[in-house]
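S.K.: whatever this is, show me its structure:
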Amino acid sequence: MIMHDSVRALLSRPGDGELIEAAGVEHLFRLTAAQTGGRFGFEEFTLAAGTLGARPHVHHAHDEFFYVLDGELTVHDGDGETAVGPGHLLAALRGAPHGFRNAGDRPVRGLCLYTPAGYEDYFRQVHAAVAAGAVVDDDMLNEFRSRFNTSPYLR
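M.R.: Numbering: from 1, shown residues only. Prediction:
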């Protein structure tokens, strides 16, 4: 008889998860570090028309993958910006400069995956700071990002 450890499959139904609005982006965290033992984070995001998602930055401790479901997302890949639509995937591996915004006139919906998980805590902290009255600006965001081994991309 083969024995299996007690790890169980995780089922997340449509709409399940933790909803956080941070700096103009709506995040629905479907899987978090707490649920996956830190292995993987998975979110659905919505970016309103004309909204800056993130200025170019670099993650030094995790990889991040963006997949566009609907709308047109403008992504920065370290060299410049490119507008991409449904089906496009941006892989921002550790050390790769990247950023994103919605330059269009309708919302963008997409998926974002993190490995290892844990970066969702950055968004929780930004959300909590704003709820407590903090103003979102580059200095504030850079201070929070530094807590998660992330730095601004200065070129």
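
S.K.: ranges for the strands of the protein?
M.R.: 18-22, 25-31, 41-47, 52-59, 63-70, 73-76, 81-84, 89-92, 98-101, 108-115, 150-152 (DSSP state E).

S.K.: any chance of TSV for the ones you listed, columns distance to Val7?
M.R.: Where you see a C-beta, it was placed from the backbone N, CA and C, and this is true even at glycine. Below are these laid out as TSV (distance: least, C-beta to C-beta, whole Å):
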stretch	distance to Val7
strand 18-22	21
strand 25-31	14
strand 41-47	17
strand 52-59	27
strand 63-70	22
strand 73-76	34
strand 81-84	35
strand 89-92	27
strand 98-101	32
strand 108-115	17
strand 150-152	30
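
S.K.: of those strands, which is nearest His127?
M.R.: Proximity to His127 (C-beta to C-beta) singles out strand 18-22 among the strands of the chain, at 4.7 Å.

S.K.: C-alpha coordinates for stretch 142-155, CSV please?
M.R.: Once non-C-alpha atoms are left out, stretch 142-155 reads as follows in CSV (Å, rounded to 0.1, in the frame of the first residue of the first chain):
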residue,chain,number,x,y,z
ASN,A,142,9.2,52.2,-2.7
GLU,A,143,9.4,51.9,1.1
PHE,A,144,6.9,49.1,1.1
ARG,A,145,8.5,47.4,-1.9
SER,A,146,11.9,47.4,-0.2
ARG,A,147,10.3,45.1,2.5
PHE,A,148,9.8,42.5,-0.2
ASN,A,149,13.1,42.6,-1.9
THR,A,150,11.8,44.9,-4.7
SER,A,151,13.5,48.0,-6.0
PRO,A,152,12.5,50.7,-8.5
TYR,A,153,14.0,50.4,-11.9
LEU,A,154,16.0,53.5,-12.7
ARG,A,155,17.3,53.7,-16.2
